[in-house]
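Trainee: One predicted model, sequence on top.
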Amino acid sequence: MATVTVEAPVGLTFDEVRRLHAVAIHRLCVLALGHPGAAEAATGLVLNVAAGAYEVDRPPPSTALRWLCGVACDVLGEGPPPRRGRRAPGAVATGWGLDVDAALVRASTLGMRERLAAGLRCAAGLDYAEIGEILGIRADAARAACARAMRRVQPRRRRGR
Amino acid sequence: MTDPLDSDERWFAHLLASIPAPASLDSWTPAVTTHPRPRPRRRARLTPLALALGVAVLVGVVGAGLGVVLPRRGGTSPAQTANAVIAGMPPARAGAAMAADPAHHRVLLFAGRTPGGVLLGDTWSWDGHRWSREPLGGPPVRAAAAMAADPSGGVVLFGGAGVTGALGDTWRWDGRSWTAMHPSAAPPATPAPLMAADPATRSALLVVRDPNSAAPVSTWSWDGHTWARRPTTAAPPSCAAAMAADPGSRRVLLMTGRSCPGVAGGVTWSWDGQAWTALHPAASPPAVDRPALGGGAGRLVLFSPEPDPAHGCSARLTWTWDGATWSAHAPPVSPPSAGAAATDPGGGALLVLTTSGETWRWNGAAWDLGEASAPSQGTSAPTLWSERAPAGCPPARTGAVMVTDEARHQVLLLGGSASPLGQVPLVPGDTWIWDGSTWTQLHPGPAPPARGGAVAAYDPLHSVVVLYGGVGLDDKGAPVAFDATWTWNGSAWKRQAPKTAPPGQRLASMAWDPGGRTVILLTGASPQTAQTWSWDRAEWTRLHPRTTPPFGSLVTAPDLGGLLLASPAGPDGQPSTWSWAGGDWHRLAVAGTPATSGAAIAYEPSAHRVVLVGGDCPAGHCPTDATWTFDGHSWIQLHPAGAPPPRAGATLAADPTRAALILFGGTDFGGGGASPV
């Protein structure tokens, strides 16, 4: 009887990458877009783009999240911040709690670069060097972008710490 | 990570972690056309000319070619990023509003509530072939809004249940965007209004619960500019459940729901443009709260989402209105649930978006999936589940045994428990066969007593089904693990009398080993207590392999090496896949073995793969609806259309009459209403 071919798995399948990291990408999209429906749709678009690119790029498992975040940021892009103090059109009552709503409204006054940096840092847990590589900026600029984002999204009572 | 999060970042990370993942992430499948990756950004050292060229390439080639508007570098606000027209499928939702837009030859879908309870505010349009998400912006998020074709073109939307409660706003869709309307008169804010295009008056008809009226509901019409209340002498009750125009009579029909006291069936009301009339047809659909109602193939169609056992196993009825009465149809395949419905202006079919996000069409004779052609990841052949509604229907059960009887081209079903938890009461020791079209109960005389968790395998060498073990009740009514062996020859059961037998255990798995040409039995919950036995026509022989695997599900896979074992937990705690060869168990270096226990498993000969469906999560009592396949190299999770609801303890077997698998029974542990399923 022929036995099943025994092969060591080579990397992860895209479906495994998706199951491992799609939640982080969704949180990144929520922070970037501020709208549940837009974030859900954008996450689906990111996964579609990534599914097509995965067979070409074939990132090793250790860098799969960083790679997927790179795809997400390529899709989400970056743009100028909306007018200060004005609630972005995308930010809505999410139903996820007042803390989340308030943070998203505050985040909507940030530029897309700061929002992506904060998302890559706090939703995906990337290093500043990795964030800088994805956003095309230096690591210290990524650190500064994250710091600006953290100052902005903190509730007033937490600011100044 | 070399840079640990500081306290502020930890706080924000915890806040982001509280955001629930949408259900669409679990059910995500690649789009039919995969979007190419946009050009990744480089360090910002581009010249203005290069930047302009990059933008042109990105937007012009990628965006125009795929109908996807990608954000432009340095010139796009977050809102514009969200304003992308995205082809795909609407995420799963309930309480969506859907209406035909005849002026633009489309069906419009708006908002609803995700399975996680999040209100949506997205707009999708159906062009007869596929869904496209329209740019964001428009009415606030809500569920259960009312929507119908606007007499001045486009679609008009009213009310619904929003974040702050019932809404009373009016919006108009002009084919490209939403506009808030400010009519001089407006109906009261209401959480569940009903609206339909009124062919008699060429207006949109609205029915709302009206606390300011003596009648339970008030009737309004929209002429394209403002609302006008229609005085009526009679009015439907407040339990109205669905309303749509009848293409045949050009009247609007309204069906009442289950919350009407003292009425068993749904009551049909008719609006002729001037007044409401309660009809008394010879036959009526049962009262249900969320039917799908709309015109399809020239008739008014009502799809009831609840199975009707009187018409067969799991039969969901489709009703059509001929102008005088309702007629029931029991098509062999039906949507698994109801949802928003509208007439497709393109082909005249009734379009239904189920709560699980599937698009179904009724063409006048049968249901078909509108977008079932999305390829499942990792497989070339589309995979589709469809719920069958055969005339015969074994009682619902979990932990039954089902095996393909290859000699007689039948599937044999026996035993199981009627309890959601797989305990007493047990299903009586009945014997059922599936012949490819329906179930038939046999009465073969002496039969194995009632039991759950028994195992069985087909022995092609002797053309019999071998049944072993299971948990039943002894003479005093106490649970006992059986160790008896029975065989089925197609017409009768025979209790075997081997000299020795494996000890009765609560966990066992059994399958035919094509290499050794015997039936292999694996018992015991752990490697310490596990035993491997072989059955050779009349006797059991205990085998002593050098390696003992953890407990799992055995399956015969002739093209993949013979006998395989999928275990939700290996010696290292990780799920593992094993093969039986040369008198020993071998752990295979394959990725992605599912971690679910109590899954249904079978070999699909036509696709040369093992299929594993459902099962319980490691924490227990959280069944899944996942469908996995194993092709000899790796496990891949499919996302087939029409997947059955989550369940554990189901049974799966190859249908010997066609290239298909049969799934039956299982339990949702009481969490899904009807349990066992």
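Mentor: On my side now, so go ahead. Residues are numbered from 1 along each chain as shown, chains lettered A, B, ... in the order given.

Trainee: Please count neighbours and contacts with C-alpha atoms only from this point.
Mentor: Will do.

Trainee: list the helices and strands the helix or strand of chain A with the lowest mean pLDDT packs on?
Mentor: Using mean pLDDT, DSSP states H and E, the weakest-scoring helix or strand in chain A turns out to be helix A:36-57, at a mean of 82. Using 3 or more C-alpha pairs under 8 Å, 6 or more residues apart in numbering or on different chains; DSSP states H and E as the contact criterion, the secondary-structure elements in contact with helix A:36-57 are helix A:14-33, helix A:64-76, strand B:119-126.

Trainee: Could you tell me the angle between the shortest one and helix A:36-57?
Mentor: Which is strand B:119-126. Our comparison of strand B:119-126 with helix A:36-57, counting by axes from the mean of the first three to the mean of the last three C-alpha atoms, to 10 degrees, yields an angle of 60 degrees.

Trainee: Strand B:119-126: how far from the chain's middle?
Mentor: 20 Å (C-alpha atoms, centre = their mean, to the nearest Å).

Trainee: And the second one, by the same measure?
Mentor: The chain centroid and the centroid of helix A:64-76 are separated by 7 Å, computed with C-alpha atoms, centre = their mean.

Trainee: Tell me if it is near chain B.
Mentor: Yes. With C-alpha under 8 Å from any C-alpha of the partner chain as the measure, helix A:64-76 is seen reaching chain B through A:Gly70, A:Val71, A:Asp74, A:Val75, A:Leu76.

Trainee: Greatest separation within the residues you listed: which pair is it?
Mentor: The most widely separated members of the residues of helix A:64-76 next to chain B are A:Gly70 and A:Leu76, with 9.8 Å between them, by C-alpha to C-alpha.

Trainee: what about those two, which has more around it?
Mentor: Neighbours per residue (other C-alpha atoms under 10 Å in any protein chain shown) separate A:Gly70 from A:Leu76, with A:Leu76 holding more: 27 against 22.

Trainee: Any idea which helix or strand in chain B has the lowest mean pLDDT?
Mentor: When the helices and strands of chain B are compared on mean pLDDT, DSSP H and E, helix B:64-66 comes out lowest with a mean of 29.

Trainee: Nearest residue to the middle of chain A?
Mentor: When chain A is reduced to its mean C-alpha position, the nearest residue by C-alpha atoms, centre = their mean turns out to be A:Leu28, at 2.8 Å.

Trainee: can you give me the helices for chain B?
Mentor: With DSSP state H as the criterion, chain B has helices at B:7-17, B:23-26, B:48-56, B:64-66, B:78-82.

Trainee: separation between the nearest residue to B:Ala96 once chain neighbours are set aside and B:Leu157?
Mentor: Leaving out its chain neighbours, the residue that sits closest to B:Ala96 by C-alpha to C-alpha, 6 or more residues apart in numbering or on different chains is B:Gly112, at 4.0 Å. Between B:Gly112 and B:Leu157 the distance is 13 Å, computed by C-alpha to C-alpha, to the nearest Å.

Trainee: what does B:Pro645 give?
Mentor: B:Pro645 sits 32 Å away from B:Leu157 when distances are taken as C-alpha to C-alpha.

Trainee: Between those two, tell me which one has more neighbours.
Mentor: Counting neighbours by other C-alpha under 10 Å for B:Pro645 and for B:Leu157 shows that B:Leu157 has the greater number, 27 against 16.

Trainee: Isn't that one up against B:Arg142?
Mentor: No. Counting by C-alpha atoms under 8 Å, B:Leu157 stays clear of B:Arg142, with 11.4 Å between them.

Trainee: Export only the CA atoms of stretch B:98-114, formatted as PDB.
Mentor: Extracted C-alpha coordinates of stretch B:98-114, given in PDB (Å, rounded to 0.1, in the frame of the first residue of the first chain):
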ATOM      1  CA  MET B  98     -33.800  45.800  -0.600                       C
ATOM      2  CA  ALA B  99     -35.800  47.200  -3.600                       C
ATOM      3  CA  ALA B 100     -35.900  47.100  -7.300                       C
ATOM      4  CA  ASP B 101     -34.600  50.200  -9.100                       C
ATOM      5  CA  PRO B 102     -36.300  49.900 -12.500                       C
ATOM      6  CA  ALA B 103     -35.100  53.200 -13.700                       C
ATOM      7  CA  HIS B 104     -31.500  52.000 -13.500                       C
ATOM      8  CA  HIS B 105     -32.200  48.300 -14.000                       C
ATOM      9  CA  ARG B 106     -30.700  47.400 -10.700                       C
ATOM     10  CA  VAL B 107     -31.600  46.100  -7.300                       C
ATOM     11  CA  LEU B 108     -30.500  48.200  -4.400                       C
ATOM     12  CA  LEU B 109     -29.500  46.800  -1.000                       C
ATOM     13  CA  PHE B 110     -29.000  49.000   2.000                       C
ATOM     14  CA  ALA B 111     -27.800  48.600   5.600                       C
ATOM     15  CA  GLY B 112     -28.900  45.900   8.100                       C
ATOM     16  CA  ARG B 113     -27.300  44.300  11.100                       C
ATOM     17  CA  THR B 114     -24.300  42.000  11.100                       C
END
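
Trainee: What lies in contact with it?
Mentor: Residues outside stretch B:98-114 that contact it (C-alpha atoms under 8 Å, 6 or more residues apart in numbering or on different chains): B:22-23, B:91-97, B:119-128, B:141-144, B:147-150, B:153-155, B:175, B:340-346.

Trainee: need the residues of the stretch 501-650 of chain B near chain A, please.
Mentor: Residues of the stretch 501-650 of chain B lying close to chain A (C-alpha under 8 Å from any C-alpha) are B:515, B:560-562, B:579, B:581, B:588-592, B:632-633, B:636-637.
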